[in-house]
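Visitor: Fold the following for me, if possible:
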Amino acid sequence: QVQLVESGGGLVQAGGSLRLSCAASGRTFSSDPMGWFRQAPGKEPEFVAVISWSGGSIYYADSVKGRFTISRDNAKNTVYLQMNSLKPEDTAVYYCAADPDGDYTVSSDYAYWGQGTQVTVSS
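Guide: Residues are numbered from 1 along each chain as shown. Sure thing, here's the model as predicted:
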């Protein structure tokens, strides 16, 4: 059974930092892109970042560029999201996803999803 398990969410003040982790089990994703999405209450899932299998290609949403950093450790089958200079508008449930088929910014193109971790940024 394939599982993606996120961790590292929590409550932080504006300007603070959090590091999210997503550990995969059940299969290796070392040959697949992996990404992060987020969803705020009442809103559609929003693309945050994606990283290629090698880490050589990385893309960010404009809203997080310069503040968030995605990385991966294929030996640990894990992807990370370092979030700095957090803002209240970053508050959302953050999901990791793997193995997109098509547009990596479209949530429905991803085959595997984690259960999500809540990030709350207070002002």
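Visitor: Just want the most central residue of this protein.
Guide: Residue closest to the mean C-alpha point of the chain, counted by CA atoms, centre = their mean, is W36 at 2.3 Å.
Visitor: Show me what the helix or strand encompassing that residue is packed against.
Guide: Taking DSSP states H and E as the criterion, W36 maps to strand 34-39. Contacts defined by 3 or more CB pairs under 8 Å, 6 or more residues apart in numbering; DSSP states H and E place strand 34-39 against strand 18-25, strand 46-51, strand 68-73, strand 78-83, strand 92-100. Where C-beta positions appear, they are placed from N, C-alpha and C, glycine not excepted.
Visitor: quick one on the thing from earlier: go ahead and confirm the residue nearest to the centre of the chain touches V48.
Guide: Yes: counting by CB atoms under 8 Å, W36 does reach V48; the two are 4.2 Å apart.
Visitor: any residues in contact with both of these two?
Guide: Taking CB atoms under 8 Å, 6 or more residues apart in numbering as the criterion, W36 and V48 both touch 81, 94.
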